[in-house]
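K.L.:
Please work out how this folds:
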Amino acid sequence: MPHPLDPDAVRRWCTAARTALEAARPDIDAINVFPVADGDTGTNLARTFTAAAAALPEQDGATASEAVRAMARGALLGACGNSGTILAQYLRGLALGLDPAQPPGDPGHLLAAALRRAAEAAYEAVAHPVEGTMLTVASAAATAAEESRDRPPALVADAACRGAAAALAATTEQLGVLAAAEVVDAGGTGLLAVLGALRQALGGAPLPDAPPDSGPARPSSPPDADVPAGAPAYEVMYLLETGAEEVAALRARLYPLGDSLVVGGGDGLWSIHVHVHDAGAAVEAALDAGRPRRIRVAHLGDGCGAPETAPRARRHEGAERGPAPRAVVAVVPGEGLAGLCTEAGAAVVPAAAADEPALLDALRAAGAGQAVLLPNDTELHAVAARAAAAAREAGIRTAVIPTRAAVQGLAALAVHAAELRFDEDVVAMTSAAGATRYGEVAVAARRSWTTAGVCQAGDVLGLVEGDVALIGDGIAEVADEVVDRMLAAGGELVTLVTGSEAPAGLGERLRERVRTRHLGVDTVVYEGRQHTSPLLVGVE
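P.N.:
All right, here's what the predicted structure looks like:
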């Protein structure tokens, strides 16, 4: 029985598409040969759509457009890989096409227009669109839907599926790499599954297990995940908080660095995906453009879900190093942290004195031809970028790891290995820092507005990822809540850095709490003696 395109249909579609992508994931991974034969397109699409489904509003009052818009934002935040970023932008375009602010029209016309808007948004996200991909499938689906727009939504969706299936079958002859492997496009296969779920949610029949005449379901041999000689070696992804003009400038800067550049999002939040030779340059470009977060760097072929890092041996604890051909300069807020970083082989600059001349002097004084800079504070990113640029002019190859807190700097130092090639070391350190969520317990200096409400001077603030998450009276109680909230999202290692104003025994008390309440999670405690806050927390 046909159904209207309403919030209930969106929920049915969301459930059906998530199930379909998960079921098809192994087959889609198996035929993934473009743009890189790394066998993860099905996994990336499934993870991205799972993130979209998790963001679907629970309340009944949301319109279909609002529901899909929430899905699009969830997909943006959880996008994996090239295909996942394109899918997130496709959902955003679909939501915009369903916007009730647009002139009312026939439901079939509305769905056809939304599918066209989705295809256009997907094309716009890709810096260098290639035919024979999921973009081609999206466009063909929209064209077929427009040709049936006078019919009910279920039949419009059915026409879109038929158009997408025909376009998918033709992809084999449109791209040489697909023809050589005798497969259809992996991303297009995933998009067809999503459209088939939409048809099913609107009352149509589900897609057959394999679309007719779509070509072989699997390549004659598994994809070769090795990166071809001369091809970009790294996949870099991050979220970026900035404006549209800054993103346009970032596109122009990233384009010459590699390929597979996809930029999705809007309204101040963007998802950036690119394949590059120099991962550090791609991350530094983000520092100039806005506020990057959730940075993920992986060797191509390793997959989106597991950023590459070196083994997590904790090198802070007095490890001896010989003369280093590569220097690390870290900004630190306390004497204990300074000693910790020095023992790990880094040159330190006190946070209170961290300006451009001081950072440049530290880079020069290190006497190495290569250097890595850890600002450990969002406010110092621009200063660090300028100091790094000046160091490069002086002949020092320098990379900035965009650490936003001292615990991220510790995580980066833990995997630093000067014996690695410079790019590999930067990738490992960036990935380790990006995989570390950070929190803090601080005392309010004055009455002010926060994201958790109004605080008074002397109130204890619990911060997670830089935002005030709770306001309390006692340092120990707020510390308990901050650690619990951060571990609610999972974690394997908790790093606690106690400040000069921390209550006696706070670190050990929290270590015992983690041991009893969060099984399988390790905890390390350091006496940082920082004056800025009683406690810093990192969760890896």
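
K.L.:
Now do the helix or strand where residue 483 lies: everything it contacts.
P.N.:
Assignment of secondary structure by DSSP states H and E places residue 483 within helix 475-487. Residues outside helix 475-487 that contact it (Cβ atoms under 8 Å, 6 or more residues apart in numbering) are 437, 439-441, 443, 460-464, 469-470, 472, 494, 496, 501-503, 506, 509-510, 513-514, 517-518, 521, 534-535, 537, 539. Every residue, glycine included, has its C-beta placed from N, CA and C.

K.L.:
ranges for the strands of the stretch 401-540 of the chain?
P.N.:
All strands of the stretch 401-540 of the chain, identified by DSSP state E, counting those that start in this stretch, fall at 437-443, 448-450, 453-455, 460-464, 467-472, 493-498, 522-527, 535-539.

K.L.:
so what does the fourth one touch, helix or strand wise?
P.N.:
Same thing as strand 460-464. Using 3 or more Cβ pairs under 8 Å, 6 or more residues apart in numbering; DSSP states H and E as the contact criterion, the elements in contact with strand 460-464 are strand 437-443, strand 467-472, helix 475-487.

K.L.:
Adjacent strands (with direction) for it?
P.N.:
According to DSSP bridges, strand 460-464 forms sheet pairs with strand 437-443 (antiparallel), strand 467-472 (antiparallel).

K.L.:
hmm, back to that, highest mean neighbour count out of the helices and strands packed on strand 460-464?
P.N.:
Per residue and on average, the most neighbours among the helices and strands packed on strand 460-464 fall to strand 437-443, with a mean of 23 (mean count of other Cβ atoms under 10 Å).

K.L.:
what does it rub up against?
P.N.:
404-405, 407-408, 458-466, 469, 475, 478-479, 482-483, 485-486, 489, 491, 501, 532-540.

K.L.:
element containing the closest residue to residue 92 other than its chain neighbours, please.
P.N.:
Closest residue in space to residue 92, ignoring its immediate chain neighbours: residue 72 at 4.0 Å, by Cβ to Cβ, 6 or more residues apart in numbering. Taking DSSP H and E as the criterion, residue 72 maps to helix 64-78.

K.L.:
List of residues touching that helix?
P.N.:
5-7, 9-11, 14, 47-57, 62, 84, 87-89, 91-92, 94-95, 98-100, 239, 264-265, 269, 271, 294.

K.L.:
run the last query once more with 7 Å
P.N.:
Contacts to helix 64-78, defined as Cβ atoms under 7 Å, 6 or more residues apart in numbering, come from residues 5-7, 10, 14, 47-49, 51-52, 54-57, 87-88, 91-92, 94-95, 98-100, 239, 264-265, 269, 271.

K.L.:
thinking again about what came up before, for PyMOL, write a command that selects the buried ones of the contacts of strand 437-443.
P.N.:
Here is the PyMOL selection string for the buried members of the contacts of strand 437-443, based on 16 or more other Cβ atoms under 10 Å:
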select buried, resi 404+405+407+408+459+460+461+462+463+464+469+475+478+479+482+483+485+486+491+501+532+533+534+535+536+537+538+539+540
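
K.L.:
and the protein, what are its domains?
P.N.:
Under automatic domain parsing, the residue ranges defining each domain of the chain are 7-201, 234-299, 326-434, 437-539.

K.L.:
Can you list the strands that the helix-or-strand element of the chain with minimal mean pLDDT pairs with?
P.N.:
For the chain, scoring each helix and strand by mean pLDDT, DSSP states H and E identifies strand 291-299 as the least confident one, at a mean of 77. Within its sheet, and counting by DSSP bridges, strand 291-299 is paired with strand 234-241 (antiparallel).

K.L.:
Can you name the next helix or strand after the strand it pairs with?
P.N.:
Sequence order places helix 244-254 as the next helix or strand after strand 234-241, per DSSP H and E.
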